[in-house]
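[1] attaching a predicted model along with its sequence, questions to come.
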Amino acid sequence: MDHKLAVIADQISKEYKLYKKPTDRLKEAITRKKLHDSFNALNGVSFSVSKNECIGIVGKNGSGKSTLLKIITGVLTPTSGHILINGKISALLELGAGFNPDLTGLENIYLNGTIMGFSHKEMESRLEEILEFADIGDFIHQPVKTYSSGMFVRLAFSVAINVEPDILIVDEALSVGDLRFQQKCYRKIDELKKSKTIIVVSHDMSVINKYCDRVIWINEGRLVGEGTPKEISKRYQAFMIGANFKSYDYNESLSKENDMNYGNDIDELSTELDIMGDDSALITGMSIIDVLFNRKVSIVEAGDKIRVLIRLNVFQSINSPIIGFTIKDRLGTIITQTNSFVLGEQLDTIQIGSGYVFGFEFDFPSLNHGQYTISPAIASGSQEDHKQHSWVHDALIVEVLPKSYETLSGVICLEGVTFSALDRK
């Protein structure tokens, strides 16, 4: 095995036998007659994970993610294929995995240590750090079956990171913790990334985009995508809403439309932008206008009054159309978004045609210095139930200038802040 690799999965498949009645299993063994249906949880999945790499695994419920993790950790054996592991694994899988509910939290700490190959004395030396991170107080002396899900995940994660793993696996279990503990865990993951291999399974694409170096997408037991978080998250997002996803060369498309009214205020979108939708419409242009000076801009300051213009072509009549946009930071985290529906604007049916233009006017939010992207979209229906027709990822990049004072880290600037030195008592 290559010493630079932590995990190698080679054509991993897992088949389950499904019986209609419990007795059918015994009858099948005796009669040699097939009495089961086969279900392939995994089918020929192959990938590798490098040492000190943080890899994300995404997929809809029932796609085989948990089965794959159990095979990596040795809980399950693949029906066919091979899994090679280079290093010690610590895993936080579904709630309850690896813990005896009748034992106290303290007893479970030592039990998990024994499973990982540590002596009682070695676990004692780690006990203070585990208890400090878990922060569940006197409940550590109570049976685990009395814990809330949040308390359980606190203890489970604390144990998982304090047994010196080479490979840390984190399933969706973190989603049950409170916000402060989740942030605490992700800060720890950020720290561990420098020296550990981490595998993260999550439905939260902001987590995947922020922490992972690479993403694997599994659907119905098969590996259907592998690449950067930005690439896979867009494809996966489109898949989950039932939309098409492709890269589209806008310049080539627009050059074929001789009768199109481009407009002086709207720029054509760059080539090969990623879009998703059902091809009923296509967003072809977008610009930011400084309202005060009535000119196109790509650099703004917080508080500037701007107008976002969106131009589109319609290929099929769209009833109850919704026009909107999303502002994201450089990590792909959504900062804010709005659309015509939430603004209470009920639009008439848009007929087939080209050159439709829609505009939003607002004061640009108080964001810190940096680059942000704006993604326009057209859908139809309602906020809760809609169909996506054209969503252009990161159509425009806007540079936000710093305030007159020096900005700190973060996303937003605090407005109207005052400071005073109070009298010393």
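    Received it, and whenever you're ready, just let me know what you need.

[2] show me what the helix or strand where residue 55 lies pairs with in its sheet, parallel or antiparallel.
    In the assignment (DSSP states H and E), residue 55 maps to strand 54-58. Strand 54-58 pairs in its sheet with strand 197-201 (parallel), strand 214-219 (parallel), by DSSP bridges.

[3] of those, which stretch is the most buried?
    strand 197-201 (a mean of 24; mean count of other C-beta atoms under 10 Å). Glycine gets a C-beta too; all of them are placed from N, C-alpha and C.

[4] where along the stretch 1-150 of the chain do the strands fall?
    In the stretch 1-150 of the chain, the segments counted as strands under DSSP state E, counting those that start in this stretch are 5-19, 36-50, 54-58, 80-85, 89-92.

[5] try the stretch 151-300 of the chain
    For the stretch 151-300 of the chain, strands defined by DSSP E, counting those that start in this stretch occupy the ranges 167-170, 197-201, 214-219, 222-227, 244-248, 267-268, 273-277, 281-290, 295-296, 299-300.

[6] residue 412 contacts residue 369, doesn't it?
    No: here residue 412 does not reach residue 369: they are 11.4 Å apart, not a contact under C-beta atoms under 8 Å.

[7] please pull out the lowest mean pLDDT helix or strand from this structure.
    helix 250-255 (a mean of 45; mean pLDDT, DSSP states H and E).

[8] my read: residue 105 touches residue 138, true?
    No: here residue 105 does not reach residue 138: they are 9.9 Å apart, not a contact under C-beta under 8 Å.

[9] against residue 239, how distant is residue 333?
    21 Å (C-beta to C-beta, to the nearest Å).

[10] between those two, which one's more packed in?
    residue 239 (19 against 13; other C-beta atoms under 10 Å).

[11] so where's the protein shaky on pLDDT?
    1, 94-97, 173, 175-177, 241-265, 271, 402-409, 415-420, 423-425 (pLDDT under 70).

[12] residue 412 and residue 369: which has the busier surroundings?
    residue 369 (15 against 12).

[13] ok, back up a step: same list (the strands of the stretch 151-300 of the chain) but as CSV, adding distance to residue 150.
    Output for the strands of the stretch 151-300 of the chain, formatted as CSV (distance: least, C-beta to C-beta, whole Å):
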stretch, distance to residue 150
strand 167-170, 16
strand 197-201, 19
strand 214-219, 27
strand 222-227, 33
strand 244-248, 36
strand 267-268, 49
strand 273-277, 35
strand 281-290, 42
strand 295-296, 50
strand 299-300, 41
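
[14] wait, which of these is closest to residue 4?
    In terms of C-beta to C-beta, the element of those nearest to residue 4 is strand 197-201, at 10.9 Å.

[15] please save the CA atoms from that closest one in CSV.
    Output of strand 197-201 as CSV, limited to C-alpha atoms (Å, rounded to 0.1, in the frame of the first residue of the first chain):
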residue,chain,number,x,y,z
THR,A,197,-7.0,12.2,7.7
ILE,A,198,-10.6,13.1,8.1
ILE,A,199,-13.7,11.7,6.4
VAL,A,200,-16.9,13.8,6.8
VAL,A,201,-20.4,12.7,5.8
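
[16] any idea of the angle that strand forms with strand 5-19?
    30 degrees (axes from the mean of the first three to the mean of the last three C-alpha atoms, to 10 degrees).

[17] got a list of contacts for strand 197-201?
    6-7, 49-58, 65-66, 69, 72, 87, 166-172, 189, 192, 207-208, 211-212 (C-beta atoms under 8 Å, 6 or more residues apart in numbering).

[18] contact partners for residue 314?
    Residues in contact with residue 314 (C-beta under 8 Å, 6+ apart) are 280, 281, 350, 351, 352, 353, 354, 356.

[19] neighbours of the fourth one, how many?
    Right, the one you point to is residue 351. Using other C-beta under 10 Å, residue 351 has 10 neighbouring residues.

[20] ok, now how distant is residue 383 from residue 233?
    Residue 383 sits at a distance of 22 Å from residue 233 (criterion: C-beta to C-beta).

[21] who has more neighbours, these two?
    Neighbour totals were compared for residue 383 and residue 233, and residue 233 leads with 22 against 11 (other C-beta under 10 Å).

[22] residue closest to the middle of the protein?
    Nearest residue to the geometric centre of the chain (C-alpha atoms, centre = their mean): residue 205, 1.2 Å.

[23] count the residues that sit near the nearest residue to residue 145 once chain neighbours are set aside.
    Once flanking residues are discounted, residue 145 sits nearest to residue 101: 3.8 Å by C-beta to C-beta, 6 or more residues apart in numbering. Neighbourhood size, residue 101 [other C-beta under 10 Å]: 12.

[24] wait, doesn't residue 101 sit right on residue 111?
    No: counting by C-beta under 8 Å, residue 101 does not reach residue 111; the two are 11.7 Å apart.

[25] direction included, what does the helix or strand containing residue 361 pair against?
    Using DSSP H and E, residue 361 falls within strand 353-363. With DSSP bridges as the test, strand 353-363 is paired with strand 305-314 (antiparallel).

[26] can you pull out the helices in this structure?
    Along the chain, counting by DSSP state H, helices occupy 22-31, 65-73, 105-115, 120-134, 149-161, 179-192, 205-211, 229-240, 250-255.

[27] reformat those as TSV; add distance to residue 329.
    Formatted as TSV, the helices of the chain follow (distance: least, C-beta to C-beta, whole Å):
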stretch	distance to residue 329
helix 22-31	54
helix 65-73	27
helix 105-115	38
helix 120-134	29
helix 149-161	27
helix 179-192	16
helix 205-211	10
helix 229-240	13
helix 250-255	24
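
[28] which of those sits closest to residue 40?
    Going by C-beta to C-beta, the one of these nearest residue 40 is helix 65-73, 10.0 Å.

[29] pull the closest one out as CSV, backbone CA atoms only.
    Extracted C-alpha coordinates of helix 65-73, given in CSV (Å, rounded to 0.1, in the frame of the first residue of the first chain):
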residue,chain,number,x,y,z
LYS,A,65,-22.9,6.4,2.8
SER,A,66,-23.3,4.8,6.2
THR,A,67,-22.7,1.3,4.8
LEU,A,68,-19.5,2.5,3.2
LEU,A,69,-18.3,4.1,6.5
LYS,A,70,-19.1,0.9,8.4
ILE,A,71,-16.9,-1.1,5.9
ILE,A,72,-14.1,1.4,6.3
THR,A,73,-14.3,1.1,10.1
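
[30] what packs against that helix?
    On a contact count with 3 or more C-beta pairs under 8 Å, 6 or more residues apart in numbering; DSSP states H and E, helix 65-73 meets strand 5-19, strand 36-50, strand 54-58, strand 80-85, strand 89-92, strand 167-170, strand 197-201.
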